[in-house]
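# sequence isn't available, so here's the structure alone:
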């Protein structure tokens with residue numbers, strides 16, 4: 001899946017000369033947490049988050065300074081070194097960038113123009129859909145040797161039970177690099193038959209650990 005499919009195209013922006021108060025009001029009115037800052041040519045020059053606004057907003061305990069602080073321009077608090085994305089970027093790459101740079105949103109640029117924005121919430125919702133975890137079914141974890149062909153072998157076992165697979169995730173075993181973990185989401189409320197078949201074929205089923213099923 002690419003960014004173009006999940007990005008928000010209705011982007012609320014402000015100018016560097018707009019005030020902190022205007023950004024605070026925009027966040028409240030539109031219920032948003034990130035505001036791209038554009039110049040008079042509509043080119044991206046910065047980004048302001050609700051955290052930036054909160055840090056710049058005076059405490060209620062500070063008397064007499066509130067109006068002065070809120071009337072300062074966004075240019076003083078905005079992040080100018082903004083990490084941006086392209087509409088054809090892969091969603092998993094965006095998630096990795098969020099993780100690497102510890103950011104929560106990414107303006108999307110095409111031909112120098114701001115055309116959208118992706119937030120951590122957009123990415124989270126996408127991964128929920130991709131993994132099928134929002135759909136009824138069961139989760140099955142199988143530990144297999146880290147060698148070619150293992151996914152094919154396990155899927156063959158599931159096919160014999162005509163299991164409808166929502167998603168498949170594969171990740172390394174943290175305790176032993178010679179193994180990997182395959183995680184299936186299947187449209188099956190009672191996977192006991194599949195688990196029994198997997199164990200009979202010599203596979204190690206980590207989850208679910210069904211009582212009474214042969215190991």
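In hand now; what should we look at? Since this is a predicted model, take the numbers as computed values, not measurements.
# strands of this structure, residue ranges please.
Secondary structure of the chain (DSSP state E): strands at 34-38, 44-49, 105-110, 113-119, 138-145, 165-172, 179-186, 204-207.
# CSV for these, including distance to residue 24 and mean neighbour count?
No exception for glycine: its C-beta is placed from N, CA and C like everyone else's. Formatted as CSV, the strands of the chain follow (distance: least, Cβ to Cβ, whole Å; neighbours: other Cβ atoms under 10 Å):
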stretch, distance to residue 24, mean neighbour count
strand 34-38, 10, 23
strand 44-49, 10, 21
strand 105-110, 17, 22
strand 113-119, 19, 19
strand 138-145, 43, 19
strand 165-172, 40, 14
strand 179-186, 42, 19
strand 204-207, 46, 16
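# wait, which of these is closest to residue 91?
Smallest distance to residue 91 across the strands of the chain (Cβ to Cβ): 8.2 Å, for strand 113-119.
# average pLDDT across that closest one?
For strand 113-119, mean pLDDT is 97.
# what's that strand packed up against?
Where contact means 3 or more Cβ pairs under 8 Å, 6 or more residues apart in numbering; DSSP states H and E, strand 113-119 is packed against strand 34-38, strand 105-110.
# got any ranges where this structure has weak pLDDT?
Confidence mapping of the chain against pLDDT under 70 gives the ranges 59-66, 210-215.
# using the record's assignment, carve it into domains.
3-128, 135-207 (automatic domain parsing).
# now the strands of the chain as JSON lines including distance to residue 128?
JSON lines is the format used below for the strands of the chain (distance: least, Cβ to Cβ, whole Å):
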{"stretch": "strand 34-38", "distance to residue 128": "21"}
{"stretch": "strand 44-49", "distance to residue 128": "23"}
{"stretch": "strand 105-110", "distance to residue 128": "18"}
{"stretch": "strand 113-119", "distance to residue 128": "14"}
{"stretch": "strand 138-145", "distance to residue 128": "14"}
{"stretch": "strand 165-172", "distance to residue 128": "10"}
{"stretch": "strand 179-186", "distance to residue 128": "11"}
{"stretch": "strand 204-207", "distance to residue 128": "19"}
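# what's the closest non-adjacent residue to the residue most central in space within the chain?
With distances taken as Cα atoms, centre = their mean, residue 123 lies nearest the centre of the chain, 2.9 Å away. Distances taken as Cβ to Cβ, 6 or more residues apart in numbering place residue 95 nearest to residue 123, at 5.1 Å, with adjacent residues excluded.
# which other residues reach stretch 43-55?
Residues outside stretch 43-55 that contact it (Cβ atoms under 8 Å, 6 or more residues apart in numbering) are 14, 16, 20, 23-24, 27, 33-39, 74-75, 77-80, 82, 84, 104-105, 107, 109, 112-114.
# what does stretch 13-27 give?
With Cβ under 8 Å, 6+ apart as the test, stretch 13-27 has contacts from 12, 32-33, 35-40, 42, 45-46, 48, 50, 53, 56-57, 69-75, 77-78, 114.
# out of the residues you listed, which end up buried?
Among the contacts of stretch 13-27, those classed as buried by 16 or more other Cβ atoms under 10 Å are 32-33, 35-38, 45-46, 48, 50, 53, 56-57, 70, 74, 77-78, 114.
# okay then, goodbye and thanks.
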